[in-house]
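*Asks:* What follows is a predicted protein model with its sequence.
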There are 2 protein chains.
Amino acid sequence: MIKNIRISDRRFPIGKGAGSDAIHRDPIYSYAVTQLIDDSGLTGTGFAFTLGEGNDLVCKAAQFYAEQLKGKDIEELMAAFGTLFNQLSNEQQFRWLGPHKGVVHLALASVTNACYDLWAKKRGVPLWKLLIDLSPEQIVNTLDLSYLEDELTREQAIKLLKDNYAGKTNRMPVIATGYPGYDTSIGWFNYSDEKVRENCKKAVANGFTAMKLKVGSAEAERDIRRAHIVREVAGDDIRVMLDANQQWTLPQAISICKRLQSMNPYWIEEPTHPDDVLAHKTLAEAIAPTKLALGEHVPNRIIFKNYLQTGSAGFIQVDAVRVGGVSEFITISLLCRKYNIPVVPHVGDMGQLHQHLVLFNHIVLGHEALFLEHIPHLQQYFTHPVVIENGFYITPMEAGSSCDLKQMD
Amino acid sequence: MIKNIRISDRRFPIGKGAGSDAIHRDPIYSYAVTQLIDDSGLTGTGFAFTLGEGNDLVCKAAQFYAEQLKGKDIEELMAAFGTLFNQLSNEQQFRWLGPHKGVVHLALASVTNACYDLWAKKRGVPLWKLLIDLSPEQIVNTLDLSYLEDELTREQAIKLLKDNYAGKTNRMPVIATGYPGYDTSIGWFNYSDEKVRENCKKAVANGFTAMKLKVGSAEAERDIRRAHIVREVAGDDIRVMLDANQQWTLPQAISICKRLQSMNPYWIEEPTHPDDVLAHKTLAEAIAPTKLALGEHVPNRIIFKNYLQTGSAGFIQVDAVRVGGVSEFITISLLCRKYNIPVVPHVGDMGQLHQHLVLFNHIVLGHEALFLEHIPHLQQYFTHPVVIENGFYITPMEAGSSCDLKQMD
């Protein structure tokens, strides 16, 4: 039974240009942390990620949701978590502040993730293990499929899961080999050309076969020059992704993306405003076969549905600490599976949680084991930080979702 | 010069089923109020509207934005308000919490509206008067047109304004006649059939020629029965709008809207989730020529752009206390004018502010003077409450935007 709630506002200035992109020049990586303390002594930890200012608002909203879980049994909650998620996300007074987006939805992510963590700890298994052992019906019971009736009913979701269950065993070896990572820290926006060149060499030496550069400058020339530097150092066999962090207008994006095609980007990420579904559709059509990746700022399953329906996303970067937590992440992964679009979670230093979820996506849903973003700047703060060897995430074996933070106050 | 900031969390339980709809059974109408106090002794008041819980979060975010205005001169701010709006709404750490939606955007609305109120008070005129006297360039300088480059550049916005300036004089009589209202309080969701029938008679007797009923029941039969009651009492010449408050799935909406066509609704409002642009498109095509109205939960100009581009909205109900205040309201009204779609603001008891904005939309932009929603439950709390006579809003003549609340603590 959940006896106590603890909410913490944890902020970590990272400094020195790390984490910088075309919008965020000096971010403070922050977690709005929810802890659910069980009467058996276990603590479920979940969080949402923010960039500093306003992390306290997310904490306050999380407190509101978390209070409603006091006195509940975690196994009972999770047996019908979809219903609970639907109730919390539609709580009548709070709903006005979204719905299903912004501060309140980030807060719901924090609380939801704490529930999944506690659930896995209660069963004494890593989250990925818990998830892959659930039946299709049990999985769907943890999901809120409302407003997806035109694309994914409960029956369709169960069928999609059953269809993919056959191949589960064949996909289990990923547990032993580890899940491939890609390196985002080679090319932060504020880094000099020289530093990008050096980091790029290091990443290749460390075994990475994919890496990402931040673009989205006021002058296209800088982006184009730097993209070619990465291609030159990395060679033709490495996948290079470009990330504009929403900085371009649609006309700009069309023009710059066409010029960037000459360095053969694996994808171009967040070219323009994350709410502009139709601009992405226009752009995707204009630059095909170059593909777009997006999703780190898309708040919920309904907007992802629209992105999938328009065929504008080549890769979906849903983030379990942006959408309403693990539950909505899985819902969106199911939608993507229906559309055969790969899921490559936005990591934002939460590889901690996503390590588990990409294993589930691959083993249970049959998504390709493509790669998972790696950003190391917060590793020191975790009790069980990710372990990367030769460019692969080593499968976490501790119980829970690997989200416990060290107490450093 | 702005010397002081005062932020207040004001909540007004309204009770007795008033304000209830298919989602909000027991709302607490609330304002997150920003006051900017000038060294000349003037106080600019603006607010965002919420339904109670979390109003404090909006207040806290508003404080963050408002602090940045200390020491600034209001005329200087407003001469380039578009630039300021762009800066505030993209403030690098806060932006993660949206962007441009949810708690932080509601807070920006509160602060923006306080700026416009102070500006009008400084000039000693009602806000509508200030706005209709601005030149096209001055108006566009108050707007942030970013991410609209594919539809409305600065040059196009100025041209659209100039094209409509010719007819301004012909549209001035609305000041004397007043702006038509429509009555939303006849048919709140929790009201009995008998009460709806009575209210409907009263509204007709009070001169209203348009009124709205809340629908969105679990059983379609209730909605259909009540819609026909209103039509029967009101007769064929009254416009009757139906509001489902996002309660239907797309398949449900298609089926129920088709059945509701028999009572000839003037529009059907918020049939499904406000983020689901494509569902609205599908529905609009399925039930044409019946029109959809939407916008009270749409947070910003970019999503409105998508709704207009898909042709799914017959009426746009942008709300200046949901989007980023007066500035973004005007931007969206310009977009709507380009598409020839009427703007009928969601009032949510903020007719106070919208009274001014519909006059601007009609006189300057050439939008039809259709009607403005009227919900009286909070009138008693305002220093200058709206005055409705014979179904018409009497033009407010006090300086400012009519948003000052009485001190009742």
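*Replies:* Arrived safely, thanks for sending. Residues are numbered from 1 along each chain as shown, chains lettered A, B, ... in the order given.

*Asks:* Any buried residues in stretch A:44-51, and which?
*Replies:* Within stretch A:44-51, the residues that count as buried by 16 or more other Cβ atoms under 10 Å in any protein chain shown are A:44, A:45, A:46, A:47, A:48, A:49, A:50, A:51. (Glycine included, C-beta is placed from N, CA and C.)

*Asks:* filter those residues by proximity to chain B?
*Replies:* Filtering the buried residues of stretch A:44-51 for proximity to chain B by Cβ under 8 Å from any Cβ of the partner chain leaves A:50, A:51.

*Asks:* What about the buried residues of stretch A:44-51, which are in strands?
*Replies:* If you go by DSSP state E, these have A:44, A:45, A:46, A:47, A:48, A:49, A:50 in strands.

*Asks:* Out of the residues you listed, which is nearest to chain B?
*Replies:* Closest approach to chain B among these (Cβ to the nearest Cβ): residue A:50, at 5.2 Å.

*Asks:* Mind putting the buried residues of stretch A:44-51 into a markdown table with pLDDT?
*Replies:* Converted to a markdown table, the buried residues of stretch A:44-51 look like this (pLDDT from 0 to 100):
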| residue | pLDDT |
| --- | --- |
| A:44 | 98 |
| A:45 | 98 |
| A:46 | 98 |
| A:47 | 97 |
| A:48 | 97 |
| A:49 | 95 |
| A:50 | 95 |
| A:51 | 92 |
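
*Asks:* Turn the buried residues of stretch A:44-51 into JSON lines, including distance to residue B:213.
*Replies:* Shown next, in JSON lines, are the buried residues of stretch A:44-51 (distance: Cβ to Cβ, whole Å):
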{"residue": "A:44", "distance to residue B:213": "45"}
{"residue": "A:45", "distance to residue B:213": "47"}
{"residue": "A:46", "distance to residue B:213": "42"}
{"residue": "A:47", "distance to residue B:213": "44"}
{"residue": "A:48", "distance to residue B:213": "39"}
{"residue": "A:49", "distance to residue B:213": "43"}
{"residue": "A:50", "distance to residue B:213": "41"}
{"residue": "A:51", "distance to residue B:213": "44"}
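
*Asks:* following the host helix or strand of residue A:160, which helix or strand comes up?
*Replies:* Residue A:160 is part of helix A:154-165, with elements assigned from DSSP states H and E. Sequence order places helix A:168-171 as the next helix or strand after helix A:154-165, per DSSP H and E.

*Asks:* Quick check: residues of the stretch 251-400 of chain A near chain B?
*Replies:* A:251-252, A:272-279, A:282, A:297, A:299-300, A:302-303, A:305-306, A:309-310.

*Asks:* hmm, 10 Å instead?
*Replies:* Contact residues, the stretch 251-400 of chain A versus chain B (Cβ under 10 Å from any Cβ of the partner chain): A:251-254, A:272-279, A:281-283, A:296-310, A:322, A:348.

*Asks:* Check the stretch 51-200 of chain A too.
*Replies:* Residues of the stretch 51-200 of chain A lying near chain B by Cβ under 10 Å from any Cβ: A:51-58, A:60-61, A:64, A:90-107, A:145-151, A:153.
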